[in-house]
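>>> Here is my input, please return the structure:
(one chain, ligands or ions: 1)
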Amino acid sequence: MSAPGEALFAPGFKDTPYWWDAAPPEVTTPRAPPPRADVAIVGSGITGLNAALVLARAGRSVVVLDAEDLGHGASTRNAGYVGRSLKHSFGDLVRGHGVGYAVKVYREMQAAFDAVVERVRDEQIECGFKIRGRLVLTHTQRQYDDLAGELALRKTHLGTDFAMLPRGAVRGEFASDLYAGAALIPDLGAIHPGLYHRGLRERAASAGATLIGRTPVDRIAPIDGGGFDVATARGSVRARDVLVATNGYTGNLLPWLQRRLVPFDAYMIATEPLSPALMDRLLPTDRTYIDHVHDIISMRRSPDGTRILFLWRTGTRPTNARDKGRQLWLDAVRIIPEIATLKLSHSWTGRCAGTFDLWPHIATHDGIHFAGGYCFAGVPMGTYLGQKAAHRILGRKEGETVFADRSFPTVPFYRGNPWFVPHLMTWYGLRDRWASR
Ligand SMILES: Cc1cc2nc3c(=O)[nH]c(=O)nc-3n(C[C@H](O)[C@H](O)[C@H](O)COP(=O)(O)OP(=O)(O)OC[C@H]3O[C@@H](n4cnc5c(N)ncnc54)[C@H](O)[C@@H]3O)c2cc1C
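Numbering: from 1, shown residues only. The predicted structure is shown next:
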């Protein structure tokens, strides 16, 4: 099919996230930070706000500073999948480190998932959270068998449930003939990321945290006798502790951190509303759908069930939102041909961060705390490690986590310019295509 023209875009098409229609980032009046705080947090995403909430509830004075409007980052731009995904399979961890370690790590992945469930429930955040299960689609019998083996191993050691669906059963779940089969993981879910973020913002502010947007932190310098001077163009805050929660938007504030994170762009589209009958034909079971490859596609219904949201081409070079939207629409049509009848209402992008060892990290370097590098799983991991970072600052035992115990590697000559990501994604794409033959 040739690239579609302007007719592809619905009237009122937007190049901002679909989520922002209901919950845009919060515009705050730029102002000087308070002169003193117990904790300064750089970054107002899921990580920063979860930490702020725990710290403020523990009676600490907290200031959250963001370079842009509150929630400008990936936390309000993502697909809203809440899973237990780690880039290292359970089987690989068993083979490399033994069953005990694999179980320990995957129990924490479950704890990260539970952290979202508990946050939403305990704080009564209305964010369309549903647990309808995830369908992991496989292109070949070999991928299907690999996935079945991995999930069976997890069931044996962790008790996590799953069902394998052969090719003939996929159509009842997902209107595509491309796939050789799928695994259904029934207890995974999805949220509306904009509403989740808005709920976190409101709860953190009512717990007493000061949230300031449009105020980039330019420098963090240690003070003689303890604490840090956190400098912005509008003034400084003297803080006993600092948490840097900038993930994919990390700049040169801390060169040590910049050398360890690999930022990459991700892209999404939303269609105009479909008729309920068409939606029931295309995504009848309202799950989250991904494929079992490195360069994943993800597709889901919007939380109100009216639109299809689609993500792919992660790590490719940015173009304008319309061109990227055209590419993604063509990809989506290749997977589900009936999408060809739909126009696009939104096409947007956001920045994530990977790490060289493909593990998420929480760390303290030169007394400054950091959590991030979630490798595309920041909804649960940002919620979880944001809270862990707060517990570490409070000196609590709950701050312990396996993600703090691992070394946090960089590679020689890397200074934070991720020029190689598009090449890496091309390589992953070729490997995926080879594995899908
Ligand atoms: C398109 C897309 C789809 C995704 N889908 C999923 C998904 O379905 N499920 C999932 O689990 N994860 C997903 N992710 C990843 C997830 O969104 C991120 O991992 C997570 O939001 C990171 O949250 P954060 O709070 O650490 O950082 P962010 O939300 O990115 O916030 C970082 C903030 O730091 C601020 N900042 C940077 N530098 C400074 C400075 N010097 N001073 C002040 N502020 C600064 C930025 O302005 C930004 O607001 C997706 C990401 C994208 C982009």
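>>> who in the stretch 101-250 of the chain is up against the ligand?
Pro216, Val217, Ala245, Thr246, Asn247, Gly248, Tyr249 (C-beta under 6 Å from any ligand atom). Placement of C-beta: from N, CA and C, glycine included.
>>> can you give me the strands in the stretch 151-300 of the chain?
163-166, 181-185, 189-190, 210-212, 217-222, 228-232, 235-244, 261-271, 288-291, 298-301 (DSSP state E, counting those that start in this stretch).
>>> Of all the helices and strands in the protein, which has the lowest average confidence?
Lowest mean confidence among the helices and strands of the chain (mean pLDDT, DSSP states H and E): helix 421-435, at a mean of 77.
>>> Just checking the distance from that one to the centre of its chain.
21 Å (C-alpha atoms, centre = their mean, to the nearest Å).
>>> do that helix and the ligand meet at all?
No - contact of helix 421-435 with the ligand is not found when judged by C-beta under 6 Å from any ligand atom; the minimum separation is 13.2 Å.
>>> which helices and strands sit right next to that helix?
Judged by 3 or more C-beta pairs under 8 Å, 6 or more residues apart in numbering; DSSP states H and E, the packing partners of helix 421-435 are strand 261-271.
>>> Strand partners (parallel or antiparallel) of the strand it packs on?
strand 308-312 (antiparallel), strand 344-355 (antiparallel) (DSSP bridges).
>>> Can I get the shortest one in CSV, CA atoms only?
This file holds the C-alpha atoms of strand 308-312, laid out as CSV (Å, rounded to 0.1, in the frame of the first residue of the first chain):
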residue,chain,number,x,y,z
ILE,A,308,-7.1,2.0,18.8
LEU,A,309,-3.7,3.0,20.1
PHE,A,310,-0.6,1.6,18.4
LEU,A,311,3.1,1.8,19.1
TRP,A,312,6.1,0.8,17.0
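>>> Which residues does it contact?
Identification of contacts with strand 308-312 by C-beta atoms under 8 Å, 6 or more residues apart in numbering yields 18, 79, 266-271, 274, 279, 282-283, 295-302, 328, 331-332, 339, 342.
>>> starting at the chain centroid, how far to that strand?
14 Å.
>>> Same question for the helix or strand following that strand: list its buried residues.
Remark: after strand 308-312, the chain's next helix or strand is helix 321-335, criterion DSSP states H and E. For helix 321-335, a neighbour-count test (16 or more other C-beta atoms under 10 Å) marks Ala321, Lys324, Gly325, Arg326, Gln327, Leu328, Trp329, Leu330, Asp331, Ala332, Val333, Ile335 as buried.
>>> Thought Pro318 was touching the second one, still the case?
Yes - with contact defined as C-beta atoms under 8 Å, Lys324 and Pro318 form a contacting pair (7.4 Å).
>>> where do the contact lists of these two overlap?
Thr349.
>>> and Ser2, what pLDDT?
Ser2 carries a pLDDT value of 66.
>>> just the one 3 residues further on next, same as before
Per-residue pLDDT puts Gly5 at 86.
>>> again with the one 10 residues further on
Looking at Asp15, its pLDDT reads 98.
>>> show me what contacts the closest residue to the ligand within the stretch 51-200 of the chain?
For the stretch 51-200 of the chain and the ligand, the shortest gap (C-beta to the nearest ligand atom) falls at Gly73, measuring 2.6 Å. Going by C-beta under 8 Å, 6+ apart, Gly73 touches Gly43, Ser44, Gly45, Asp66, Thr246, Asn247, Gly248, Tyr249, Gly350, Arg351.
>>> what does Leu188 give?
Contacts of Leu188 by C-beta under 8 Å, 6+ apart are Tyr81, Val82, Gly83, Arg84, Phe113, Ile131, Gly133, Arg134, Thr288.
>>> Looking at these, which are in helices?
Here DSSP state H is the test, and the contacts of Leu188 give Phe113 as lying in helices.
>>> And the contacts of Leu188, which of them are buried?
Applying 16+ other C-beta under 10 Å to the contacts of Leu188 flags Tyr81, Val82, Gly83, Arg84, Phe113, Gly133, Arg134, Thr288 as buried.
>>> what's the closest of those residues to Ile212?
Nearest to Ile212 among the buried ones among the contacts of Leu188 is Val82, at 28.4 Å by C-beta to C-beta.
>>> How much space separates that closest one from Arg300?
11 Å (C-beta to C-beta, to the nearest Å).
>>> Need the overlap of contacts for these two.
Ala190.
>>> which one of the buried residues of helix 321-335 is nearest Ile212?
Once C-beta to C-beta is applied, the member of the buried residues of helix 321-335 that ends up nearest Ile212 is Ala321, at 28.7 Å.
>>> Excluding residues flanking it in the chain, which one is nearest that closest one?
Distance criterion C-beta to C-beta, 6 or more residues apart in numbering; nearest residue to Ala321, sequence neighbours excluded, is Asp15 at 3.5 Å.
>>> so who does that neighbour touch?
Asn320, Ala321, Arg322, His346, Ser347, Trp348.
>>> redo that, cut-off 7 Å
Shown in contact with Asp15 (C-beta atoms under 7 Å, 6 or more residues apart in numbering): Ala321, Ser347, Trp348.
>>> Using a markdown table, lay out the contacts of Gly73 together with neighbour count and pLDDT.
Converted to a markdown table, the contacts of Gly73 look like this (neighbours: other C-beta atoms under 10 Å; pLDDT from 0 to 100):
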| residue | neighbour count | pLDDT |
| --- | --- | --- |
| Gly43 | 28 | 98 |
| Ser44 | 34 | 98 |
| Gly45 | 29 | 98 |
| Asp66 | 28 | 98 |
| Thr246 | 28 | 98 |
| Asn247 | 28 | 98 |
| Gly248 | 24 | 97 |
| Tyr249 | 22 | 98 |
| Gly350 | 21 | 98 |
| Arg351 | 18 | 97 |
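>>> How much space separates the most centrally placed residue in the chain from the ligand?
For the chain, Gly378 is the residue whose C-alpha lies nearest the centre (C-alpha atoms, centre = their mean; 3.4 Å). Applying C-beta to the nearest ligand atom, to the nearest Å, the value for Gly378 to the ligand is 2 Å.
>>> State the pLDDT value of that residue.
So Gly378 comes in at 97 (pLDDT).
>>> tell me the contacts of it?
Gly378 touches Ile46, Ala74, Asn78, Asn247, Cys352, counting by C-beta under 7 Å, 6+ apart.
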